[in-house]
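Trainee: for reference, the sequence and a predicted model appear below.
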Amino acid sequence: MDGHGNTDGRNQKISWKRTKQIPEGSAKCEKMKITPTIIGLLLKHLKKNNGKHTERTTHSTNQSRKSLNHKKTQMELINHTEQLLSALTGRLQVKALEEAFTTQIEEGYTNPLEFTVRAKMLIEALQKTLDNTKELAMTEQMKYGKRAEVFGAEVSQMESGVRYDFSDCNDPVYFELKALLEESKAKLSEREKFLKALPHEIPFVTEDGEIVAIKPPIKLSTTTLRVTLTK
């Protein structure tokens, strides 16, 4: 099946053919200040980086060539990512990029599943980079004062994840309430397991002698895509 719903009986693999070309300097892209080239760079180089080398050379030469190709691809990807990030100078540009990507997919320029997978890769890379460089960013922020507007955003340091430890308060009332709470949680959990196991409604007599019908719970769920990187 291709991007237009056609099926080839000889090959059941999904084949997405990009037959449309994004018009350079189109009114929509000019309005949003996002060029088609920038939009396609990340997908292109993430895809290239995911390919396999099939050259038959000696082991040492092959390893050296792979290393050089890998470094070259890394630098290209970093440069294009920085080019994209530098174009984001505020909320309006973020919204424009969102609209540009959405248009890319809705109008058939980009395979939606490919975009989902490769965007997941990029999100993971950026998030891990943020985690790895958090302390460096905190140090850099201190040069701008307690609160400052830089790079299209307001940046300040704040406490997050504040918690309190009550174990040393030596308060009998607190300990009693906590014990009751834990007991209630355990009983509630057991009752929920019982209700989930019900095949159908059953009669139940309350403490007041009233007979009510206990029903199994309604199962609620949302279908979504699970993306797990394999390489």
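Mentor: Cool, the structure landed.

Trainee: test my guess that Ser156 contacts Arg147.
Mentor: Yes. Ser156 is within contact range of Arg147, at 4.1 Å (criterion: CB atoms under 8 Å). C-beta coordinates here come from the backbone N, C-alpha and C atoms, glycine included.

Trainee: ok, and what's touching stretch 129-141?
Mentor: The contact list for stretch 129-141 (CB atoms under 8 Å, 6 or more residues apart in numbering) reads 148, 155-157.

Trainee: what's the answer for stretch 188-207, then?
Mentor: So stretch 188-207 is contacted by 211-217 (CB under 8 Å, 6+ apart).

Trainee: now the residues you listed: which count as buried?
Mentor: Buried residues within the contacts of stretch 188-207, counting neighbours by 16 or more other CB atoms under 10 Å: none.

Trainee: as CSV, those with pLDDT and distance to Leu84 would be great.
Mentor: As requested, the contacts of stretch 188-207 are exported to CSV (pLDDT from 0 to 100; distance: CB to CB, whole Å):
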residue, pLDDT, distance to Leu84
Ile211, 93, 66
Val212, 94, 60
Ala213, 94, 59
Ile214, 94, 56
Lys215, 95, 53
Pro216, 95, 50
Pro217, 95, 46
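
Trainee: any idea whether Ala148 is helix, strand or coil?
Mentor: strand (DSSP: H, G, I helix; E, B strand; the rest coil).

Trainee: also Thr230?
Mentor: coil.

Trainee: same check on Tyr174?
Mentor: Classified using three-state DSSP, Tyr174 is helix.

Trainee: tally up the residues packed near the nearest residue to it once chain neighbours are set aside, please.
Mentor: Leaving aside its chain neighbours, Tyr174 sits nearest to Phe166 (6.1 Å; criterion: CB to CB, 6 or more residues apart in numbering). Neighbours of Phe166 under the rule other CB atoms under 10 Å: 10.

Trainee: residue ranges for the strands of the protein, please.
Mentor: 147-150, 153-156, 202-205, 211-214 (DSSP state E).

Trainee: same list (the ones you listed) but as a markdown table, adding distance to Lys178.
Mentor: Formatted as a markdown table, these follow (distance: least, CB to CB, whole Å):
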| stretch | distance to Lys178 |
| --- | --- |
| strand 147-150 | 39 |
| strand 153-156 | 35 |
| strand 202-205 | 30 |
| strand 211-214 | 30 |
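
Trainee: Gln104 touches Glu114, doesn't it?
Mentor: No. With contact defined as CB under 8 Å, Gln104 does not reach Glu114; the gap is 11.1 Å.

Trainee: between those two, which one's more packed in?
Mentor: In terms of neighbours (other CB under 10 Å), Gln104 is the more surrounded of Gln104 and Glu114; the figures are 19 against 15.

Trainee: where's the residue nearest to the more buried one when sequence neighbours are not counted relative to Lys187, distance?
Mentor: With CB to CB, 6+ apart as the criterion, Gln104 has its nearest non-adjacent residue at 4.5 Å, and that residue is Thr110. Thr110 is 52 Å from Lys187, where distance means CB to CB, to the nearest Å.
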